[in-house]
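*Asks:* I need the structure of the sequence given here:
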Amino acid sequence: MTATRSGAAGDARLSEAPLLGDLMPWSTAPLRFGRAWILAPDPPSLTARWDRLVRAGGAEREALFGPTRARTPHSAVTALPGQATGTGRFARESGRCPRPLRVLHGPFDEQWLIPDHRLIDAARPELWRVADDHQLFAVEQGYVPQADGPALLVSGLLPDGRSPAGRPGRIRPLYRRPGGAEPNLAPGLTALLTARYGHEVTAGQVLAWAVAAAAPSPEGCAVPLTADPGVWASGVELGQRMIDVQLRGARGGERPRLPGGRRPYVRAAVPARPETIAYDAGEEALLLGTGRISPVPAGAWDFLVGGVRMLELWFERRTARPEPGTLAAIGPSAWPREWTSELLELITVLALLAELRPRQRELREGPWIGRAELRAAGVLPVPAAARGPASVLDHHEEGPEGQFALI
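*Replies:* Below is the predicted model:
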């Protein structure tokens, strides 16, 4: 989606560009689940795992739970913002599984999570407080030298922020408060860009430009800012298209589709338990055991993030065999039809983004608004307060053992 990392590193001017952290200063580290069984590609697996756990008692429950230093069945924690889940110690839990929540697991992989704070080592509650139908999350990808792939992705779902390789990136909400209030932008940034381009610049346009223009660097995600109003308009249009593809129809958009004749179809049914995935470049076919999907553009198969092929990673997460007897081993007995539909959509998303990649490389041409100009305008350095979450003074959240806390 962006230039290769080797290409980005070779751009001598990239050190002049601001980092995404200069433009969208508030961020969090990725979520840390602490136990694999609370995440699954399908909701029924989570319900079955929960039921198995609450039927167990004593030492068996402790072992199945998977205690860590951050969470044990005896931990006392608050409820996650916006989630109606218990806050009593899990050792006494006997109720039904909370409704699984759709989340983004790493790049492009939409899975389901049990949204119970007692089960998550580091849930980043500040993200949950601002996750609503107005919010978008910019997710930086971990830096891997010489590896091809995007530096920045966007999600409407709550992302866990995990990178498939390299050091973890950061999660940056577009807005600091619910309802699309208070953009997470450096103070004075939109005023400066409005003056330079001759028209109002919005927070959404800044995010769209960043998605299109972002380049990986050892310092973090660099975002060259063009000084040319025409290039800015072109980059915003491109970035918005990339965002729409990644949102997959959310926020009122249309679900991504390839042109007629290029849409992938199942030519041979996926077997009950496919064990291998391969690509036939000559036939443009994706092979899952004896199953066959085509046409699959080479751009979709070759789409990498952090040097990891996305289609292979998606498949491996659904066919890996966890340790027998663990909760993570509870899953579908055969390949669900829904997974095939999700795979067809993922192929479409990756193919469309691969087609847009060449246009991104054009955005770093011409003059830039560099760090020096941002400092001269007072946009940099960013005030310390802008790097932390906004205070929420009127929102009640349930604390441990049913007590209420004013956040």
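
*Asks:* Any stretches of the stretch 1-150 of the chain with poor pLDDT?
*Replies:* 1-12 (pLDDT under 70).

*Asks:* could you pull out the helices for it?
*Replies:* 5-9, 20-23, 43-55, 58-65, 125-130 (DSSP state H, counting those that start in this stretch).

*Asks:* Any buried residues in the shortest one, and which?
*Replies:* Of the residues in helix 20-23, those buried by neighbour count under the rule 16 or more other Cβ atoms under 10 Å are 20-23. For the C-beta atoms, the positions are set from N, CA and C on the backbone; glycine is no exception.

*Asks:* now swap in stretch 69-86 and tell me
*Replies:* Applying 16+ other Cβ under 10 Å to stretch 69-86 flags 71, 73, 75, 77-83, 85-86 as buried.

*Asks:* Who are the packing partners of the helix or strand hosting Glu345?
*Replies:* Using DSSP states H and E, Glu345 maps to helix 337-360. In terms of contacts (3 or more Cβ pairs under 8 Å, 6 or more residues apart in numbering; DSSP states H and E), helix 337-360 is packed against helix 203-213, helix 229-247, strand 265-268, strand 291-294, helix 298-301, helix 310-319.

*Asks:* model confidence over whatever helix or strand comes next after that helix, on average?
*Replies:* Toward the C-terminus, helix 337-360 is succeeded by helix 371-376 as the next helix or strand (DSSP H and E). The average of the pLDDT scores along helix 371-376 is 96.

*Asks:* hmm, who's touching helix 371-376?
*Replies:* Residues from elsewhere that reach helix 371-376 (Cβ atoms under 8 Å, 6 or more residues apart in numbering): 16-18, 22, 186, 189, 192, 380-381.

*Asks:* Throw those residues into JSON lines and include distance to Tyr143, thanks.
*Replies:* Shown next, in JSON lines, are those (distance: Cβ to Cβ, whole Å):
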{"residue": "Glu16", "distance to Tyr143": "19"}
{"residue": "Ala17", "distance to Tyr143": "15"}
{"residue": "Pro18", "distance to Tyr143": "17"}
{"residue": "Asp22", "distance to Tyr143": "17"}
{"residue": "Ala186", "distance to Tyr143": "22"}
{"residue": "Leu189", "distance to Tyr143": "24"}
{"residue": "Leu192", "distance to Tyr143": "28"}
{"residue": "Leu380", "distance to Tyr143": "22"}
{"residue": "Pro381", "distance to Tyr143": "23"}
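
*Asks:* Can you select the buried ones among those residues for me in ChimeraX?
*Replies:* With 16+ other Cβ under 10 Å as the criterion, this ChimeraX line picks the buried residues out of those:
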select :16,17,18,22,186,189,192,380
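
*Asks:* between the contacts of helix 371-376, which is closest to Leu287?
*Replies:* Ala17 (41.5 Å; Cβ to Cβ).

*Asks:* How much space separates the closest one from Trp301?
*Replies:* Applying Cβ to Cβ, to the nearest Å, the value for Ala17 to Trp301 is 31 Å.

*Asks:* which outside residues touch the helix or strand where Cys221 lies?
*Replies:* Per DSSP H and E, Cys221 falls inside strand 220-222. Contacts with strand 220-222, where a contact means Cβ under 8 Å, 6+ apart, come from 8, 14, 17-21, 140-141, 143, 151-152, 169-170, 214-216.

*Asks:* can you check stretch 116-124 too?
*Replies:* 28-29, 31-35, 38, 68, 70-71, 75, 77-80, 83, 85-87, 89-90, 93, 98, 125, 171.

*Asks:* Show me those that map onto strands.
*Replies:* Mapping these onto strands (DSSP state E) picks out Ile171.

*Asks:* Just the element for Val270, please.
*Replies:* Counting by DSSP H and E, Val270 is found in no helix or strand.

*Asks:* wait, it sits on Glu338?
*Replies:* No: counting by Cβ atoms under 8 Å, Val270 stays clear of Glu338, with 11.6 Å between them.
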